[in-house]
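Visitor: please work out how this folds:
(chains A and B)
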2 protein chains.
Amino acid sequence: VHVVSAAGVWMTGADGRRYLDAYNNVPCVGHGHPRVTEAIARQGRRVNTNMRYLHETAIELAERLIATMPPDAGLDTVLFVNSGSEANDVAWRLATTVTGQRGALCTDFAYHGVTDATAALSPESWGAGRRPDHVETWAAPDRRRGTDLDGQAFAAAVARLAARGLAPAATILDSVLTSDGFLVPEPSQAHGWVAATHAAGGLWIADEVQGGHGRTGDALWSFQHLGITPDIVTMGKPMGNGHPIGAVVTRREIATRFGDETVFFSTFGGNPVSAAAAMAVLTVLDDERVLERVGRVGEGLATAIRSVALPYPAVVEVRGVGLAVGVEVTDAATARAIKEGLRERGVLIGTSGRHGNVLKVRPPLAFTEAEVPVFAGALAATLESLVS
Amino acid sequence: VHVVSAAGVWMTGADGRRYLDAYNNVPCVGHGHPRVTEAIARQGRRVNTNMRYLHETAIELAERLIATMPPDAGLDTVLFVNSGSEANDVAWRLATTVTGQRGALCTDFAYHGVTDATAALSPESWGAGRRPDHVETWAAPDRRRGTDLDGQAFAAAVARLAARGLAPAATILDSVLTSDGFLVPEPSQAHGWVAATHAAGGLWIADEVQGGHGRTGDALWSFQHLGITPDIVTMGKPMGNGHPIGAVVTRREIATRFGDETVFFSTFGGNPVSAAAAMAVLTVLDDERVLERVGRVGEGLATAIRSVALPYPAVVEVRGVGLAVGVEVTDAATARAIKEGLRERGVLIGTSGRHGNVLKVRPPLAFTEAEVPVFAGALAATLESLVS
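Guide: Modelled structure (predicted):
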């Protein structure tokens, strides 16, 4: 699709055709949200220096982000960067520096970035057989299949690291498990993983690039949906509604120990234009009561999908939380056929999961009740066309 | 300095005071250049998706960048990222994947980024005694001191790697040696380093974050000033005049071999807004004949500084190329005093070099003849105040 313009959840192709965007999480509050584009344009014309010259927008943004963290978590320090990859990379540097350990744990089809260090934490982008020596993975429990009912998969991964003489510097988790096919765990399972990580001397990194900024509907951050308290929170993509910015939020003692042992400076990080974009996003989330709507619309969307799709034998399960909805189908070829059928009908989605058999329905959070029947109708027509 | 607005090479503080910016390289074509801010605002309102949806601006930008490379270098493939750190990190991944080697060479006070992999290539940000095992450094030749006259420092660094059982995946160099205090080498020296890197099976990474986009005045890329042909070119900061974007330019066979063995995707990389910003910068460089001016003004600035500063015993040497001017003074305390004295007189500079004793005069390329006497006058007054 060659897109030439976009607004809200609708994209327009070069041929004038409109597409419902049920795929892009980056334009968090909707494509081209006027409050965000205006904030960027206004600040860009005033000044766009870097943080060597202290700028109040960045300070305000840091304070505002800290205020969104759980009150007793001590997550009181922010480092600004330019992307989720940089945020996770810096989180990894924090964890290895502070713990003195060098092992890592991630889910077995996770994606956490493009840099050398974060690609190592991204089984989704490993080439065949290329597991980095310092990384162990565990499979998220699959309720439907009844896997990991005893919750031992995580402990086994820690033990495999230990057998190689390694202890974890960190476990990193996208709390909505986007790349793993939205196998969102139970809070009790997540609590067990955090406790086991801490017992092994590691830190917990909550990667909010996918699940953050209100996607779960019940909280601004998806780790809150699991009721866990991370040591480090990272954010990226949706933070500036597409304007490149990322952030690492952590406890002061972690940032300080890192600062003592290394020198950190990101030229773009927290530049006033990026900060203005991120402030505008947080303001829109508040003013438009986005979380409340995400909870309501997400539930309506999942219900509509269940009603339309589950009658078809190719559809295995509809799961997820908020506007992070996964539709597991029998195999990757079927998933691709449905994705293509939806595209022909003017609806854009993705696929995910280790086996490529999960439809990834992850629209901008500007998705409303009005789009639910559009999506459900296109899905119904697609599924029907595939059996007839 | 708490900056509230800026235009061209002038920044305005919260107290209304104006400062001549002789420090910031990020606003390459000048703070808030209207053609760049307008391009960003216009594209931001239209669409800001990512490259999953092919966008012609990114393609045009890639083609335009490739056209700036030396004709026979085969540098025909572009990967877009969000910053210089990401660009260097990806370059490092390319080099290690393609060569199968894992050693690295950089100058002994280099800075190449904030990620785990690029911080390892950045002696400037290593904590005391924290040299990564896989990295060796060499000291840039210092003509004034007569160091490395026989050009053996580089070969010795390769030999030290070899003694640890390592061969270089890459040598990475900022061709104007900003962090090392602008010890710009002779072309013949640089040619020797490239040949020795290739002989050891490594690739040459030209980091153009500092020296690129016309800073040397005689060419768009600073590796051209040295007359060398790199295998990988990276760019960042000035590329979008402050809008976060970076790029890696390399030969197709390198990108392809990387693509065969790993999966690469940067969500923000080459998004249409970033691409529009980068296109606007290249257009301004052409339309305003910036390189021609940089060559002329850079020479005038260095001459004015020599005339004003060399009479003072504290000033050791004035060197550099184009608008990358280093003023070596006797020690770090003197450098700090001069920097502070200039700030009091409304002129902003930085310091660099392993010993912190080099004034870093690296203004936006919008710096013109009109600013030369302003800078020279403030420097003269500062130097005089320090001896009287």
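Visitor: how about the spatially closest residue to A:F109 that is not a sequence neighbour, what does it touch?
Guide: Distance criterion C-beta to C-beta, 6 or more residues apart in numbering or on different chains; nearest residue to A:F109, sequence neighbours excluded, is A:R354 at 4.2 Å. C-beta here means a position set from N, CA and C on the backbone, and glycine is covered the same way. Taking C-beta atoms under 8 Å, 6 or more residues apart in numbering or on different chains, we find A:R354 in contact with A:108-109, A:180-181.
Visitor: got JSON lines for those residues, with pLDDT too?
Guide: Converted to JSON lines, these look like this (pLDDT from 0 to 100):
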{"residue": "A:D108", "pLDDT": "95"}
{"residue": "A:F109", "pLDDT": "96"}
{"residue": "A:D180", "pLDDT": "97"}
{"residue": "A:G181", "pLDDT": "97"}
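Visitor: could you report the pLDDT at A:A366?
Guide: As predicted, A:A366 sits at a pLDDT of 97.
Visitor: helix, strand or coil for the residue nearest to A:F109?
Guide: coil (DSSP: H, G, I helix; E, B strand; the rest coil).
Visitor: against A:I205, how distant is it?
Guide: 21 Å (C-beta to C-beta, to the nearest Å).
Visitor: A:V90 is in contact with B:T115, isn't it?
Guide: Yes: at 7.5 Å, A:V90 counts as touching B:T115 under the criterion of C-beta atoms under 8 Å.
Visitor: now do whichever strand or helix holds A:V90 against helix B:84-99: the angle between them, please.
Guide: Per DSSP states H and E: A:V90 is located in helix A:84-99. On the basis of axes from the mean of the first three to the mean of the last three C-alpha atoms, to 10 degrees, helix A:84-99 is oriented at 80 degrees to helix B:84-99.
Visitor: residues contacting the helix or strand bottoming out on mean pLDDT in chain A, please?
Guide: Every helix and strand of chain A was ranked by mean pLDDT, DSSP states H and E. The lowest is helix A:252-261, at a mean of 82. Helix A:252-261 is contacted from outside by A:74, A:76-77, A:79, A:93-94, A:97-98, A:203, A:231-232, A:264, B:127, B:130, using C-beta under 8 Å, 6+ apart.
Visitor: mind listing the strands for the stretch 251-388 of chain A?
Guide: With DSSP state E, counting those that start in this stretch as the criterion, the stretch 251-388 of chain A has strands at A:315-321, A:324-329, A:347-348, A:350-352, A:358-361.
Visitor: let's have the ones you listed in TSV, adding distance to chain B, mean neighbour count and mean pLDDT.
Guide: Converted to TSV, the strands of the stretch 251-388 of chain A look like this (distance: least, C-beta to the nearest C-beta, whole Å; neighbours: other C-beta atoms under 10 Å in any protein chain shown; pLDDT from 0 to 100):
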stretch	distance to chain B	mean neighbour count	mean pLDDT
strand A:315-321	20	22	97
strand A:324-329	16	26	98
strand A:347-348	9	22	96
strand A:350-352	8	20	96
strand A:358-361	12	26	98
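Visitor: just put those in JSON lines and tack on distance to B:L161.
Guide: Below are the strands of the stretch 251-388 of chain A laid out as JSON lines (distance: least, C-beta to C-beta, whole Å):
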{"stretch": "strand A:315-321", "distance to B:L161": "49"}
{"stretch": "strand A:324-329", "distance to B:L161": "46"}
{"stretch": "strand A:347-348", "distance to B:L161": "49"}
{"stretch": "strand A:350-352", "distance to B:L161": "41"}
{"stretch": "strand A:358-361", "distance to B:L161": "44"}
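Visitor: just to revisit the earlier point, can you select the buried ones from the contacts of A:R354 in PyMOL?
Guide: Applying 16 or more other C-beta atoms under 10 Å in any protein chain shown to those, the buried members can be selected in PyMOL as follows:
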select buried, chain A and resi 108+109+180+181
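Visitor: sorry, back to before: just the buried members of the contacts of helix A:252-261?
Guide: A:77, A:79, A:93-94, A:97-98, A:203, A:231-232, A:264.
Visitor: closest to A:S385 among those?
Guide: Distance to A:S385, by C-beta to C-beta, is smallest for A:I232 among the buried ones among the contacts of helix A:252-261, at 46.1 Å.
Visitor: follow-up on the earlier one: any idea which of the contacts of helix A:252-261 is least confident?
Guide: Of all of these, A:F264 carries the lowest confidence score, 56.
Visitor: what separates the residue nearest to A:F109 from chain B, distance-wise?
Guide: 14 Å (C-beta to the nearest C-beta, to the nearest Å).
Visitor: what does A:A195 give?
Guide: Counting by C-beta to the nearest C-beta, the separation of A:A195 from chain B is 27 Å.
Visitor: so where's the stretch 251-388 of chain A uncertain?
Guide: A:260-270 (pLDDT under 70).
Visitor: can you do 90?
Guide: Within the stretch 251-388 of chain A, the stretches with pLDDT under 90 are A:255-275, A:388.
Visitor: what ranges do the helices span in it?
Guide: A:252-261, A:272-287, A:290-309, A:332-344, A:372-387 (DSSP state H, counting those that start in this stretch).
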